[in-house]
Each structure stands twice: as C-alpha cells, then as structure tokens.
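Asker: give me a 3D structure for the following:
(2 chains)
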Amino acid sequence: EAAVTQSPRNKVAVTGGKVTLSCNQTNNHNNMYWYRQDTGHGLRLIHYSYGAGSTEKGDIPDGYKASRPSQENFSLILELATPSQTSVYFCASGDPGGGDTQYFGPGTRLLVL
Amino acid sequence: QQQVRQSPQSLTVWEGETAILNCSYENSAFDYFPWYQQFPGEGPALLISILSVSNKKEDGRFTIFFNKREKKLSLHIADSQPGDSATYFCAVATGGNNKLTFGQGTVLSVIP
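Answerer: Predicted structure coming up:
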C-alpha cells in the first residue's frame, strides 16, 4: 500500500521565522503535491513536482517555496512565516500511470504566532 | 473563483438511510471526477471515481451519478453506517495531468 509520511506532525512557529515541512514517499511515484486545508476552502494546491529537481507552482504559491531533492522527498518552505499561513498541510504522491489516484500523508498542523 | 462547489456543507442522516452529496463544476474540460473521504486527524483517501464518458459508477454502497450536460455529479451512500461519518471531497481534473482541484467538502454524520 502507498506510504506517505510527513514531519513534523505539529509545529508552532513565530511570525517572520523560517519553517520547513518535510514529506517522504516510498511509492516511487513521480508526482508529489503540497496542499493546505482550511475550513470552507477544502484542499488547495500550493506546489507540485513531476520528479526530482522539478517544482511547479500550484493555485496558491505566494509565500511558499518547494524543493524536490530526490524521488522520495518533497519539502515545503515558508521563508517568512505569517499568521495567515496557520493551517493543516498535506503532502501527496501520485503517478498518472497509476490512474490519477493521489495518496495523502497524515498532515502537519502549523500554527504561526 | 470557486471551480468546484459542494452541497450541503454538512449532512446528518440516520443509520440505514441513503446520504446524497452534491457537486458541481464550471469548466467543461474536466473529465476525471474522484471523491475523497477524510476521517478526523487523517489525510484524504480515494473513495470512488468516475470518468466523463460514464454517467454512473458503483462500488458497493457508494454510487456516483454524473450529468455532463449540467456539469453536476452526486455521491450516493446507501445504507449509511456510523463508520461512514467523515468529510467527503469532490475533486476534478483533466485526465492525464494528475492535478486535482477540490471542492470545499461535505461533513457527513451518521446517527446510529
């Protein structure tokens, strides 16, 4: 079964600080995604990647950077965290050849004070 | 703009009833429509999906009805069980690009 893990699971950060959220997948999927989930908005795509070394902007990329150093790892970076970035962040992996299914991690709850 | 709309925002049904969750979208180019189920504290997981070439897809107690002309679809959960209590997300994509756009979700509560 697909396995996507995220760390940390919970994070408290200060305004203006740097935050890095990490994601690891053992599915050997080419594609990886970062979403944020907020009440009333569902899941919104921040950044995604088609493979190691590639990152693409999603629907709400402002204030976020992404890094895909390897097939397995995909990071989301908040260089200057703001309270509006308080949210639950989900990483997912998927492979178009696998029928478009995305496999989600358990989420990271981020609070920016 | 909200490309995918779900209704109702929350729904409560008795055990054994059929729950009906609705979804509509704006862009007629979308041709892949998955529904994801999310339990509290977990990530979403694919429940069932349909392609635009079909108007119905069944998987056990879960059925998607799809109306391409009206750009609407619905998820029917027959014989609802307390274990079905979760948030359900409708999503859309253009087949092959694996990039999903989600609705805002419907919170389903099934009362024993």
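Asker: give me the low-pLDDT residue ranges for the chain?
Answerer: All of this is about chain A. Residue ranges of chain A with pLDDT under 70: A:1-2, A:97-99.
Asker: correction: the question concerned chain B.
Answerer: B:1, B:95-97.
Asker: 80 instead, please
Answerer: B:1-2, B:95-98 (pLDDT under 80).
Asker: and for the residue of it found nearest chain A, the neighbour number?
Answerer: Using CB to the nearest CB, residue B:43 is the residue of chain B that sits closest to chain A, at 3.1 Å. Bear in mind the C-beta positions are built from the backbone N, C-alpha and C, glycine included. Counted with other CB atoms under 10 Å in any protein chain shown, residues neighbouring residue B:43 total 22.
Asker: ok, now which ones touch it?
Answerer: A:4, A:90, A:92, A:104-107 (CB atoms under 8 Å, 6 or more residues apart in numbering or on different chains).
Asker: pick out the residue closest to the middle of chain A.
Answerer: Nearest to the mean C-alpha position of chain A, counting by CA atoms, centre = their mean, stands residue A:34 at 2.8 Å.
Asker: if I've got this straight, it is in a strand?
Answerer: Yes - the assignment for residue A:34 is a strand, going by DSSP: H, G, I helix; E, B strand; the rest coil.
Asker: so where do the strands sit in the chain?
Answerer: This is for chain A. Remark: strands assigned in chain A by DSSP state E are A:4-7, A:10-13, A:19-25, A:31-38, A:42-49, A:56-57, A:65-67, A:73-78, A:87-94, A:102-104, A:108-112.
Asker: I was after chain B.
Answerer: Going by DSSP E, chain B shows strands at B:4-7, B:10-14, B:19-25, B:32-38, B:45-51, B:56-59, B:62-67, B:72-77, B:86-92, B:101-102, B:106-111.
Asker: tell me how far residue A:85 lies from residue B:64.
Answerer: 34 Å (CB to CB, to the nearest Å).
Asker: higher neighbour count, the two?
Answerer: When residue A:85 and residue B:64 are compared for neighbours, residue B:64 comes out ahead with 24 against 18, by other CB under 10 Å.
Asker: ok, the more buried one - contacts?
Answerer: So residue B:64 contacts B:33, B:35, B:48-50, B:56-57, B:73-76 (CB under 8 Å, 6+ apart).
Asker: and it, bridged to which residues?
Answerer: residue B:57, residue B:75 (DSSP bridges).
Asker: show me the contacts for residue A:28.
Answerer: residue A:71.
Asker: number of residues surrounding residue B:10?
Answerer: 10.
Asker: I figured it was touching residue B:109, is that so?
Answerer: Yes - in this structure, residue B:10 is within contact of residue B:109 by CB atoms under 8 Å, at 7.3 Å.
Asker: for residue B:20, see how far away residue A:74 is.
Answerer: From residue A:74 over to residue B:20 (counting by CB to CB), the distance is 36 Å.
Asker: contact partners for the residue lying closest to residue B:100 once chain neighbours are set aside?
Answerer: Closest residue to residue B:100 apart from its sequence neighbours, by CB to CB, 6 or more residues apart in numbering or on different chains: residue B:91 at 4.4 Å. Listed by CB under 8 Å, 6+ apart, the contact set of residue B:91 reads B:4, B:33-36, B:100-103.
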